[in-house]
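Peer 1: The sequence isn't on hand, but the structure is:
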């Protein structure tokens, strides 16, 4: 049985791993990356760690490729291939599969990599759109959400999230791609930042607090606050949804909500927490107090129905509560 030489064991001190029956050795110069790979970003730091491992131990898991003419295209293992080129390995172990058509190729790329947590969402969204287009060409109709999730080997929730990314204005998508090309430690903006900002701004537009142009201004202001670290909690824009619901329930006036929305747009240091405190917080607190009072009322009614006598400590607590209730009613 043939054995892996330089491709698996650059270090002469390490024992050579034998080839499996399904493996063969190929010059990495005859291998090309897959044009349908949803992964577009390969960060130098991540590649360096893998390169160091391959330099020490060799390639322990063979690449999966298909033959295209005299050369080969990667189905799985592009990072390993990139490292092998950097290390100038003369041969790498591969498993050769049959050549797929384009729809099958994209489906296989998703299926092979659907457990990879380091895939960036936006490039994946672009490739999902191409998968949808290929399906439409073959079947003469667009896939349903269920069908798209099945052929992409992802959940329906992931499909919806990726489609939300595709619905973002082009300038935000370009901005996110620019961020993705930075080392993770230097990234100030994420997909979730933009999506949460978009949902918050849209909720206020839907309730008539801001118009469509102001919705775009508000989303940009929120994104800039994330980048400036004025807002640090990714889900903080959800407070804007609570303001929108309060407007819908007529607990907060439109003008009050509009005033804080304009401050968010115009004042770089004005926070979402401040906007919430100056619009909904008091109403929200009162609503929570009302719910507690209703539960206490039900509890006391149940005590009365059961014929239980109030203990001295309970009487004392209720007496203090009676005083607080009186003050609240007079205020």
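Peer 2: On my side now, so go ahead. From a predicted model like this one, the values you see are computed outputs, not experimental measurements.

Peer 1: Packing partners of the longest helix belonging to the chain?
Peer 2: Across the chain, the longest stretch assigned as helix under DSSP state H is helix 281-306. Using 3 or more C-beta pairs under 8 Å, 6 or more residues apart in numbering; DSSP states H and E as the contact test, the elements touching helix 281-306 are helix 238-248. To be clear about C-beta, it is placed using only N, CA and C from the backbone, and glycine gets the same treatment.

Peer 1: could you give the angle of the helix it packs on to helix 281-306?
Peer 2: Per axes from the mean of the first three to the mean of the last three C-alpha atoms, to 10 degrees, the angle that helix 238-248 makes with helix 281-306 is 70 degrees.

Peer 1: Now do the buried residues in the following helix or strand past helix 238-248.
Peer 2: Following helix 238-248 in sequence order, the next helix or strand is helix 254-266 (DSSP states H and E). For helix 254-266, burial by neighbour count (16 or more other C-beta atoms under 10 Å) applies to 256, 257, 258, 260, 261, 262, 264, 265.

Peer 1: Pull the contacting residues for residue 168.
Peer 2: Taking C-beta atoms under 8 Å, 6 or more residues apart in numbering, we find residue 168 in contact with 176, 194, 195, 198.

Peer 1: actually residue 169, not the one I typed
Peer 2: Residue 169 sits next to residue 216 when contact means C-beta under 8 Å, 6+ apart.

Peer 1: The helix or strand hosting residue 48: which residues count as buried?
Peer 2: Per DSSP H and E, residue 48 falls inside helix 44-57. Going by neighbour count (16+ other C-beta under 10 Å), the buried part of helix 44-57 is 51, 54.

Peer 1: tell me what it is packed against?
Peer 2: helix 78-86.

Peer 1: Distance of residue 200 relative to residue 261?
Peer 2: Per C-beta to C-beta, to the nearest Å, residue 200 is found 10 Å from residue 261.

Peer 1: Common neighbours of the two, please.
Peer 2: In contact with both residue 200 and residue 261: residue 218, using C-beta under 8 Å, 6+ apart.

Peer 1: For the nearest residue to residue 97 once chain neighbours are set aside, give me its contacts.
Peer 2: Distances taken as C-beta to C-beta, 6 or more residues apart in numbering place residue 66 nearest to residue 97, at 5.0 Å, with adjacent residues excluded. Residue 66 sits next to 72, 73, 75, 96, 97, 98, 99, 100 when contact means C-beta under 8 Å, 6+ apart.

Peer 1: Return the member of these nearest to residue 232.
Peer 2: Nearest to residue 232 among these, counting by C-beta to C-beta, is residue 75 at 40.3 Å.

Peer 1: before we move on, back to that, select from the contacts of residue 168 every entry located in helices.
Peer 2: 176, 194, 195, 198.

Peer 1: Near the closest residue to the third one other than its chain neighbours, how many other residues are there?
Peer 2: So the one you mean is residue 195. Here the nearest residue to residue 195 in space, its sequence neighbours aside, is residue 164; by C-beta to C-beta, 6+ apart that works out to 5.9 Å. Applying other C-beta atoms under 10 Å, we find 16 residues neighbouring residue 164.
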